[in-house]
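Enquirer: can't give you the sequence, but here's the structure:
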């Protein structure tokens, strides 16, 4: 690497704002009115939190794309232009100062004549001093010897920004270094900057001597001749075309034009490939000469890094290629998200590091070493979060672990060059990828194009910080950040030898290079990544959750809201979010035409260190729902997260006035709500299981601790009293959750699916006689039956997360997951569904992993295990991690249930107290939920005085979003506007039950007030309490008694709904695991009466057909049938009049 890259990428700016005061050279004038633009460097923000290795992608950290990288490049270019402007302005100002000094010196010389002798001597002394300073400045600009030039480069980081203003290069920009916390100048790597003729010496590394020699000028002359040859070929063929194309008819004109243009294109392309191949081969030879020279001179120069390169070369070929799967997975995800329209998919089918290793070109220590003032910096430990009061006990414990030991900061330059030659054997020795692009048009066809991607060159610079600790494995955290986007050059070679190298085609090589650049840009300063080496080396599991606590929020009601509609009302609803993040995390139901809505809804919002470090505010925004325009803001409330965390583990009821955007104005209305921040419950040592016999044998004998061996100067022997130290903290892998806190945060991470394949429903291949019934070969990446798998995480029959699609692979690597709040882990069921992404047909279920958390966490709070996927059309084993941490609160029983269920209703009775408002007569009752409607006929009613009873069979109603839904009993028919025509009849009275008041799976008798009023349509949307009675006109005229039971989870009643997307997929997963078995149990009783009637036979045939289709058998083996069924479903779903349930949003990493 050249002087420029080292000087620009490794400069520690320190405190930029005060550098001008400490500079020996007078700084620029502080009065910025003299120049149109300021020359002061603007302050830089703190480095963002370091990304944790293995955390995967989520809504906070989505999959990077080439498009987002290009947008970031524009921002970096603007920062570089601004930095260059300031540097140029400072250079001009210094030139002006030097000119003024020169003029002052000349003026002093002119005034020397006629002065007194003492004064003359003084003036001459001043003049001599000025000349001496100018001479020193001139000498400083050009060191006399090579040693001084080397020292100048070595000490470049010791200089102030004002001393280096004349060393700025195009593309340089200021950033915050996450390693040292200081400000540095970085520049994206460019092969032109890595010029061996300009050595950059740090220490006595043999590689920094001027070798290998520069490219001979004769090579440039030869390449120029080849370029002129291209022009000569083009001109010659043009003359030939003019000679033969005309005068023989239109047919021969077209034919001869095509022949001439094809020959010309082929010749020019061939010459261009020869030119590029020659240029690259010469560069490979030069780099190989440098490599061989470094290996030859390594023994005489033990202080160089060649000893480390020898070790890397030895280990490089022994490393398992599986270690590089996360890198390949990241590149594949970026390419997949950035594909152009005519490419349907891309996958990396092979990855090899070869035997040609990556080389380390330099290593040097960075400032802030042990013993320096201010070591270690607080920002290394808390990532900029200095407010310890906002951290819970678990965070402070982790912080204490991060403070242990010492830190070592260093900078490492690395480079890579492919071996000379393009033979097949040499290709395999270099770093390579095998890509498959799948070309298609409108999903009509897929054409796989295999391309061999060979990495030609890599140049880059990385800054690292290693934390060393006193216990095994002696290292904890490794944080690294790239100082600029590395330069990567690749070759794209078709697998067919008949086709040319595609390096010069802009799409393939440019697309892959941009994908690599987009991925590495996510690790460039000021961004960084932290790897917990201690966990990796010790084989730890997921451990803890990202969430450090949970906000429990109950929205009671709003008061005196402003009217946003022409009718003098509003249709309010409330959205909860973190103000800076902005994404809605919870939304209440819409209450139409009301200025005093009563919600009484409870929400749970998880809090992570990301929100704490960002100093987030909890935001509640009230919106007015509009059908044909954007929703209007009614008002909002924002509360700092730190303020809410100051009083943990308690609910606080509060009333806040509404504000407008940016708190610029106060708006009408108040919000009444309760908020509580609840910390994660600590693990209890008494719940830790004892080690098994094998574990006890494997554990080493306890060693004496440092406090036990401590000796003071007056001690004659080690202090034995310090044996009684506090016991070690509970092991998360051996300690089950505290049953006192069943509510908490659940983390589910899907790491990888091993040997994923579709079932071969066609049976054995080849001759049938004497052959095995089905093929038993291991899945192959070259098979035509490769799945494109993706995962869905379903918690309590509600989909909460969906992974990205991994195209055409038998070992998809995801490392993706989510965290959700669960109300009671003892009755929670989690299903991980693996599906096959299909074109123009429904995605079939390859397999399902279904677990009960009470069994998963029977002996541990964190589990990583391999599960077989079952009940689908495929095979495989899923590597999944589960972790749970309870929060320190106990919810009432009615809030511990599922959000999905089935409502069972029977034994309805009405007691009328005010017969003047409501007659005690036989009437029909309509039972209405958000998903369906049932009717209790009038003929089933019997009247006994003021009591009306309905003799009815039990009926079931499917329910979604139970904790924000209600069931409404509409009694009788009132007189509407068009009642004479039987249209829009309103009920005479209603009774409302909010389903959050029911306890799951318990049959209970519920007594509901019967309400009458003028506006029952608005009243039925509100929770009924004292505040409702104050602001809404209604009267209680009786009581409705109903026998109810809320059966948790999905069942066959939900099949009657027109479901789409996530809810349909969740129902299919339920059907594979439980539904089909439940249907079979019910149909087993059809023969109890000895006869199977027509309806029963029809139900049995329907169930059999559905089971065959769900497993890809029967007619579903035919692709045309599956596609036709998919098309019919799509058409029927789009027909007018179809009632559809509103689909909840599902988190995804893509």
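Expert: Arrived safely, thanks for sending. Worth saying up front: this structure is predicted, and the values here are computed from it rather than measured. Numbering: from 1, shown residues only.
Enquirer: By mean pLDDT, flag the weakest helix or strand of this protein.
Expert: Using mean pLDDT, DSSP states H and E, helix 19-22 stands out as the lowest-scoring helix or strand of the chain, at a mean of 33.
Enquirer: Show the subsequent helix or strand relative to that one.
Expert: Counting by DSSP states H and E, the next helix or strand C-terminal to helix 19-22 is strand 51-52.
Enquirer: any idea of the mean pLDDT in the helix or strand immediately after that next one in the chain?
Expert: Sequence order places helix 66-110 as the next helix or strand after strand 51-52, per DSSP H and E. Looking at helix 66-110 alone, the average pLDDT works out to 82.
Enquirer: Show me what helix 66-110 is packed up against.
Expert: Secondary-structure packing of helix 66-110 (3 or more C-beta pairs under 8 Å, 6 or more residues apart in numbering; DSSP states H and E): helix 117-141, strand 173-176, helix 506-521. Where C-beta positions appear, they are placed from N, C-alpha and C, glycine not excepted.
Enquirer: quick one: that helix to helix 506-521, angle?
Expert: Interaxial angle of helix 66-110 relative to helix 506-521 (axes from the mean of the first three to the mean of the last three C-alpha atoms, to 10 degrees): 70 degrees.
Enquirer: What segments of the stretch 701-850 of the chain are strands?
Expert: 744-758, 789-795, 798-802, 813-822, 829-836, 845-852 (DSSP state E, counting those that start in this stretch).
Enquirer: List the buried residues for the helix or strand following the last one?
Expert: Looking back up the chat, that one is strand 845-852. Next helix or strand after strand 845-852 toward the C-terminus (DSSP H and E): helix 853-856. Going by neighbour count (16 or more other C-beta atoms under 10 Å), the buried part of helix 853-856 is 853, 854, 856.
Enquirer: what residues are up against the closest residue to residue 790 other than its chain neighbours?
Expert: Using C-beta to C-beta, 6 or more residues apart in numbering and skipping the chain neighbours, the partner closest in space to residue 790 is residue 805 (4.4 Å). Residues in contact with residue 805 (C-beta atoms under 8 Å, 6 or more residues apart in numbering) are 336, 788, 789, 790, 837, 1150.
Enquirer: and residue 805, how far is that from residue 42?
Expert: Distance of residue 805 to residue 42, given as C-beta to C-beta, to the nearest Å: 43 Å.
Enquirer: Could I have the buried ones of the contacts of residue 805 as PyMOL selection syntax?
Expert: Applying 16+ other C-beta under 10 Å to those, the buried members can be selected in PyMOL as follows:
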select buried, resi 336+788+789+790
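Enquirer: between the contacts of residue 805, which is closest to residue 419?
Expert: The closest of those to residue 419 turns out to be residue 336 (C-beta to C-beta; 30.4 Å).
Enquirer: Who are the contact partners of that closest one?
Expert: Going by C-beta under 8 Å, 6+ apart, residue 336 touches 345, 346, 804, 805, 807.
Enquirer: Around the last one, count how many other residues there are.
Expert: In other words, residue 807. Number of residues near residue 807 (other C-beta atoms under 10 Å) recorded here: 21.
Enquirer: Setting aside sequence neighbours, what's the nearest residue to it?
Expert: residue 345 (4.0 Å).
Enquirer: quick one, what contacts that neighbour?
Expert: Shown in contact with residue 345 (C-beta under 8 Å, 6+ apart): 336, 339, 437, 438, 446, 788, 807, 808.
Enquirer: Okay, and the nearest residue to the second one once chain neighbours are set aside sits in which element?
Expert: Okay, so that is residue 339. Closest residue to residue 339 apart from its sequence neighbours, by C-beta to C-beta, 6+ apart: residue 346 at 6.3 Å. Assigned by DSSP H and E, residue 346 belongs to strand 343-352.
Enquirer: Give me the angle between that strand and helix 506-521.
Expert: Using the same axes, to 10 degrees, the direction of strand 343-352 lies 70 degrees away from that of helix 506-521.
Enquirer: so what strands line up beside strand 343-352?
Expert: Strand 343-352 pairs in its sheet with strand 432-439 (antiparallel), by DSSP bridges.
Enquirer: what is the mean pLDDT for whatever helix or strand comes next after the strand it pairs with?
Expert: Next helix or strand after strand 432-439 toward the C-terminus (DSSP H and E): strand 447-468. Here strand 447-468 scores 83 as its mean pLDDT.
Enquirer: Pull the number of nearby residues for residue 235.
Expert: As a burial measure, residue 235 scores 11 neighbours (other C-beta under 10 Å).
Enquirer: oh sorry, the question was meant for residue 627
Expert: Counted by other C-beta under 10 Å, the residues lying close to residue 627 total 6.
Enquirer: Would you double-check that it falls in a helix?
Expert: No: using DSSP: H, G, I helix; E, B strand; the rest coil, the assignment for residue 627 is coil, not a helix.
Enquirer: Does residue 1131 belong to a helix, a strand or coil?
Expert: Applying three-state DSSP: residue 1131 is helix.
Enquirer: about what we covered before: which one of the contacts of residue 805 sits closest to residue 515?
Expert: Residue 515 lies nearest to residue 336 out of the contacts of residue 805, by C-beta to C-beta, at 9.3 Å.
Enquirer: Surely the closest one is within a helix?
Expert: Yes: assessed with three-state DSSP, residue 336 lies in a helix.
Enquirer: what separates it from residue 691, distance-wise?
Expert: 45 Å.
Enquirer: Check residue 552 too.
Expert: Counting by C-beta to C-beta, the gap from residue 552 to residue 691 is 37 Å.
Enquirer: same deal with residue 84?
Expert: 63 Å.
Enquirer: Which one's more surrounded, these two?
Expert: Set residue 84 next to residue 691 and count neighbours by other C-beta under 10 Å: residue 84 wins out with 16 against 13.
Enquirer: which stretches of the stretch 1001-1150 of the chain form helices?
Expert: 1016-1019, 1026-1031, 1061-1070, 1076-1083, 1094-1110, 1119-1133 (DSSP state H, counting those that start in this stretch).
Enquirer: now swap in the stretch 651-800 of the chain and tell me
Expert: 693-698, 706-709.
Enquirer: buried sites along stretch 257-276?
Expert: Buried residues in stretch 257-276, counting neighbours by 16+ other C-beta under 10 Å, are found at 260, 264, 267, 268, 271, 275, 276.
Enquirer: picking up where we left off before, tell me the predicted confidence for the residue nearest to residue 807.
Expert: Per-residue pLDDT puts residue 345 at 77.
Enquirer: please begin residue numbering at 856 from this point
Expert: Sure, I'll start numbering at 856, so the last one becomes residue 1200.
Enquirer: What separation do you get for it and residue 1904?
Expert: For residue 1200, the distance to residue 1904 - C-beta to C-beta - is 36 Å.
Enquirer: cool, and residue 1963?
Expert: 25 Å.
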